[in-house]
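>>> Compute the structure for the input listed below.
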Amino acid sequence: MHWMSIDDLLAGIDSYNQAIVRYARSHGVPVVEEITSIPPDSQHFVDCIHLSDRGCALMADRMLPCLEKNHLIPVLLDRAKAVRAPQPD
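Residues are numbered from 1 along each chain as shown. Reported below is the predicted structural model:
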């Protein structure tokens, strides 16, 4: 996005993330709001947005408490089982 300054790009990303949180809250959708557990460095990101393997591991650590708090693990496991179940001919 060569037409944007770094400050404008960061402000845009913040606005985007805030809109997601507002939508989730207003629609009763669980959302992870914690944003500091993944260090913003090359060990955890492969570029300015995409996580490395280390970053993905920390993202999983970030997501698990939300899934547990909202009792979503059994729901997700049931969905995964349904997708894997053999379909009748």
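
>>> Please enumerate the helices of the protein.
Residue ranges of the helices in the chain, as given by DSSP state H, are 6-26, 53-69, 73-84.

>>> Which of the ones you listed sits closest to residue 33?
For the helices of the chain, the distance to residue 33 is smallest for helix 6-26, at 5.9 Å, taking Cβ to Cβ. To be clear about C-beta, it is placed using only N, CA and C from the backbone, and glycine gets the same treatment.

>>> which of the helices of the chain is buried the deepest?
With neighbours defined by mean count of other Cβ atoms under 10 Å, none of those is more surrounded on average than helix 53-69, at a mean of 13.

>>> Residues touching stretch 55-68, excluding its own?
Contacts of stretch 55-68 from elsewhere in the structure, counted by Cβ atoms under 8 Å, 6 or more residues apart in numbering, are 30-32, 34, 37-38, 43-45, 51, 72-73, 76.

>>> Quick check: ChimeraX command selecting the buried ones in those.
The buried residues among these can be selected in ChimeraX (16 or more other Cβ atoms under 10 Å) with this line:
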select :38,44,45
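
>>> from the contacts of stretch 55-68, which is closest to residue 22?
Of all the contacts of stretch 55-68, the one sitting nearest residue 22 is residue 31; the distance, using Cβ to Cβ, is 9.5 Å.

>>> list the contacts for the closest one?
Under the criterion of Cβ under 8 Å, 6+ apart, the contact partners of residue 31 comprise 20-21, 24-25, 66.

>>> And the chain, what are its domain boundaries?
As recorded under automatic domain parsing, the domains making up the chain are 1-31, 37-89.

>>> Could you export those domains as JSON lines, including mean pLDDT?
Rendered in JSON lines, the data for the domains of the chain read as follows (pLDDT from 0 to 100):
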{"stretch": "domain 1-31", "mean pLDDT": "92"}
{"stretch": "domain 37-89", "mean pLDDT": "92"}
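
>>> Throw the contacts of residue 31 into TSV and include distance to residue 57, thanks.
Putting the contacts of residue 31 into TSV (distance: Cβ to Cβ, whole Å) gives the following:
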residue	distance to residue 57
20	22
21	23
24	24
25	27
66	16
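
>>> Would you enumerate the residues in contact with residue 76?
Residues in contact with residue 76 (Cβ under 8 Å, 6+ apart) are residue 67.
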